[in-house]
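Asker: Make a model of this:
(chains A, B, C and D)
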There are 2 protein chains.
Amino acid sequence: MVQALSRRDRVRAATTQEILQTARRLLVEQGPTAVTLRAIAREMGMTAPALYRYFDSHDELLRHLVADIFTDLADHVRGAIHAVHVGPAGRSEDEVLGAMLIAGCREFRAWTLEHVPEFSMIFGSPLPGLEVLHEMSADPTVDCGYQFGQVFLELFGNLYRKRPFAIPADDEIQPSLRNQLRRYREIVGSDLPLGALQTFLRCWVLLYGTVSLEAFGHMEFALQDASPMFELMLADLAPMVGLEYLSSDRAVVRLAR
Amino acid sequence: MVQALSRRDRVRAATTQEILQTARRLLVEQGPTAVTLRAIAREMGMTAPALYRYFDSHDELLRHLVADIFTDLADHVRGAIHAVHVGPAGRSEDEVLGAMLIAGCREFRAWTLEHVPEFSMIFGSPLPGLEVLHEMSADPTVDCGYQFGQVFLELFGNLYRKRPFAIPADDEIQPSLRNQLRRYREIVGSDLPLGALQTFLRCWVLLYGTVSLEAFGHMEFALQDASPMFELMLADLAPMVGLEYLSSDRAVVRLAR
DNA sequence: TGACAATCGTAAACAGTGTATGCCAAGTTT
DNA sequence: AAACTTGGCATACACTGTTTACGATTGTCA
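Answerer: Below you'll find the model as predicted:
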């Protein structure tokens, strides 16, 4: 029973979006400390208390901003994955899936480096006060976070189902981890074996570590350009999912024997 | 020509330390937003402007705090490494070095999980305004950061020299990375081959990624207890430095054949 | 169409924050 | 003893999030 939005509701939604866009622009142009209620209002030709008609607090505004950024990132990764489809033909479906996974990882890094402030917002140290919000509350942050994870998980699952790679058997997984993976599998509603989920999480650790290290500048003590380290990471990641890492330049992957 | 500190200088140094201790206590007990000049002064029975006699600004105070935390972490890791010495005898010197490396990684994680606010401060998203401070300025942060890195690098070097493990040859390293590694080697004054430094950085990526993911809570979408993932990471890391990962419980490592 | 009520904006105020200025007492140096 | 440096204070300014009371516009309904 979806009711058509009244004109009033539409302008309200538009204003809400404009607030978030302004907040994001401030975040990008002037850093996280600049995204204050007064600054947002000033940019929009309003006063700060007016924003309370749209968000209960500064924190809630930030949470919605985080959710927005999450979906933006997810969209970009999804887009990069879909773009592989239109690539040169002649590849097996398996190879396309492999290329998609690598392309998704690359896009994750590319987006991050182009949006460091946003990345810090969603993947940096948890913002004070924005942290311990339990699952019951309808927090848009966690929903969009899950949704982002699903982008990778679905692709990962497709690849595994199309061309299963080596994963640990259930009894090879550490018992405590096994139980947690079972719970995780229920939450995301997946049908993958636990070993595949373990591999998935290990890949996530690799990807996140490499990219966040570079984005946060915690690698500059040694390297100014960390892209070779990212390629090394891909070379580690590929065989974990049955791919053979070939060229760093052309993003080519082959199926491992 | 080291002059003895006058009584005045000593009390000044003591006060400076007390300020930093108070700041850290506020950070731990009430989060990063609570470490304000006024709060620090209030805790010490002073007023905020008085703190400007010791630090030029709030930023500089935070930078010194970061430096303090860095050396604290380095001390803990060093301590854990040295504690291996007094372990059960009968092991070859190589095996002791391997056990030290694993112990250092474990301590890094343990310290982090016990000091999440501090960890966020030094390894989280760069604080606004505290970021682009170039090398020329005498920033205590970068010095202590380097010093922390040296703890692991020295141990890593000792292990490699005592029992060299497989590393890529110079011409197997990507050219851009090779040049950067050469520069890095000069800065830290090491005599290790470039391939060893590459392996070192790859280990750092693994360690940082796993631990920060857990500390920042960006793994909770799947796991509440990420310790099994840490053990999996160690199992990945060990063979990179010629060690055989055996038991997750007893922190035992053997030399790989 | 007129009355009512919800909505959205404002201005003012409060308790915080970092920071700059000026003043003053105490300790150090000459 | 005189001069000077040091380390504290009170004050003030601009900024923050948030609350309150008030107005004006707008949609709804009798």
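
Asker: any idea how far residue A:97 lies from residue A:157?
Answerer: Distance, residue A:97 to residue A:157, using CB to CB, to the nearest Å: 10 Å. Heads up, the C-betas are built off the backbone N, CA and C, glycines and all.

Asker: quick one, which of these two is more surrounded?
Answerer: residue A:97 (25 against 19; other CB atoms under 10 Å in any protein chain shown).

Asker: Can you give me every residue that contacts the most centrally placed residue in chain A?
Answerer: Among the residues of chain A, the one closest to the centroid is residue A:148, at 4.6 Å (CA atoms, centre = their mean). Residue A:148 is in contact with A:70, A:71, A:73, A:74, A:77, counting by CB atoms under 8 Å, 6 or more residues apart in numbering or on different chains.

Asker: for residue A:190, helix, strand, or coil?
Answerer: The three-state label given to residue A:190 by DSSP: H, G, I helix; E, B strand; the rest coil is coil.

Asker: Low-confidence stretches in chain A?
Answerer: A:1-5, A:86-89, A:127-138, A:247-257 (pLDDT under 70).

Asker: mind checking the backbone torsions on whatever residue of it ends up closest to chain B?
Answerer: Relative to chain B, the nearest point of chain A is residue A:209 (1.6 Å; CB to the nearest CB). Dihedral pair for residue A:209: phi -60, psi -50, per degrees, to the nearest 10.

Asker: can you pull the contacts of it?
Answerer: A:233, B:205, B:206, B:208, B:209, B:210, B:212, B:213.

Asker: And the closest residue to it other than its chain neighbours, how close does it get to DNA strand D?
Answerer: Leaving aside its chain neighbours, residue A:209 sits nearest to residue B:209 (1.6 Å; criterion: CB to CB, 6 or more residues apart in numbering or on different chains). Distance from residue B:209 to DNA strand D, counting by CB to the nearest atom of the strand, to the nearest Å: 32 Å.

Asker: What is whichever strand or helix holds residue A:179 packed up against?
Answerer: According to DSSP states H and E, residue A:179 maps onto helix A:175-188. Judged by 3 or more CB pairs under 8 Å, 6 or more residues apart in numbering or on different chains; DSSP states H and E, the packing partners of helix A:175-188 are helix A:140-162, helix A:194-215, helix B:227-240.

Asker: most neighbours per residue, which of the ones you listed?
Answerer: Among the helices and strands packed on helix A:175-188, helix A:194-215 has the highest mean neighbour count (mean count of other CB atoms under 10 Å in any protein chain shown), at a mean of 23.

Asker: Return the residues of chain A in contact with DNA strand C.
Answerer: Residues of chain A found near DNA strand C (CB under 7 Å from any atom of the strand) are A:8, A:11-12, A:15, A:41, A:45-50, A:53-54.

Asker: farthest-separated two in those?
Answerer: A:8 and A:48 (22.8 Å; CB to CB).

Asker: out of the two, which sits in the busier spot?
Answerer: residue A:48 (14 against 8).

Asker: Got phi/psi on the residue in the stretch 51-200 of chain A positioned nearest to DNA strand C?
Answerer: As assessed by CB to the nearest atom of the strand, DNA strand C sits closest to residue A:53 within the stretch 51-200 of chain A, at 4.7 Å. Reported as degrees, to the nearest 10, the phi and psi values for residue A:53 are phi -70, psi -20.

Asker: if I look at it, how far off is residue A:46?
Answerer: In terms of CB to CB, residue A:53 sits 10 Å off from residue A:46.

Asker: of those two, who's got more company?
Answerer: Per other CB under 10 Å, whichever of residue A:53 and residue A:46 has more neighbours is residue A:46, with 16 against 10.

Asker: Near chain B, which residues of the stretch 51-200 of chain A are found?
Answerer: Along the stretch 51-200 of chain A, the residues adjacent to chain B under the rule CB under 8 Å from any CB of the partner chain are A:120, A:123-126, A:128-129, A:131, A:142, A:145-146, A:149, A:174, A:176-177, A:180-181, A:184, A:197-198.

Asker: hmm, 6 Å instead?
Answerer: A:120, A:124, A:125, A:126, A:128, A:174, A:176, A:177, A:180, A:184 (CB under 6 Å from any CB of the partner chain).

Asker: how many neighbours does the last one have?
Answerer: A total of 21 residues lie near residue A:184 under the criterion other CB under 10 Å.

Asker: quick one: contacts for it?
Answerer: residue B:222 (CB atoms under 6 Å, 6 or more residues apart in numbering or on different chains).

Asker: same thing but 10 Å
Answerer: Residue A:184 is in contact with A:153, A:177, A:190, A:194, A:197, A:198, A:200, A:201, B:221, B:222, B:223, B:224, counting by CB atoms under 10 Å, 6 or more residues apart in numbering or on different chains.

Asker: Quick check: the first one touching residue A:197?
Answerer: Which is residue A:153. Yes. With contact defined as CB atoms under 10 Å, residue A:153 reaches residue A:197; the gap is 8.5 Å.

Asker: From residue A:52, how far out is residue A:25?
Answerer: Look at residue A:25 and residue A:52: by CB to CB, they are 21 Å apart.

Asker: Oh, that last question was meant for residue A:112, not what I typed.
Answerer: Taking CB to CB, one finds residue A:112 at 33 Å from residue A:52.

Asker: do residue A:223 as well
Answerer: To residue A:52, residue A:223 is 46 Å away according to CB to CB.

Asker: Quick check on residue A:244: phi, psi?
Answerer: phi -110, psi 120.

Asker: number of nearby residues for it?
Answerer: Counted with other CB under 10 Å, the neighbours of residue A:244 add up to 14.

Asker: sec struct for residue A:245, please.
Answerer: strand.

Asker: My read is that it contacts residue A:101, right?
Answerer: No. Using CB under 10 Å, residue A:245 is not in contact with residue A:101, being 11.5 Å away.

Asker: out of the two, which sits in the busier spot?
Answerer: Neighbour count, other CB under 10 Å: between residue A:245 and residue A:101, residue A:101 has more, with 24 against 18.

Asker: just checking, what packs against the one helix or strand the more buried one maps to?
Answerer: Residue A:101 belongs to helix A:93-114 when assigned by DSSP H and E. Judged by 3 or more CB pairs under 10 Å, 6 or more residues apart in numbering or on different chains; DSSP states H and E, helix A:93-114 is in contact with helix A:58-85, helix A:116-123, helix A:140-162, helix A:194-215, helix A:227-240, strand A:243-247, strand A:252-255.

Asker: one step back: please identify the one among the contacts of residue A:209 that lies nearest to residue A:29.
Answerer: The shortest approach to residue A:29 among these belongs to residue B:212, at 26.9 Å (CB to CB).

Asker: Which of residue A:223 and residue A:52 has more residues huddled nearby?
Answerer: The neighbour count for residue A:223 versus residue A:52, taken as other CB under 10 Å, is higher for residue A:223 (19 against 13).
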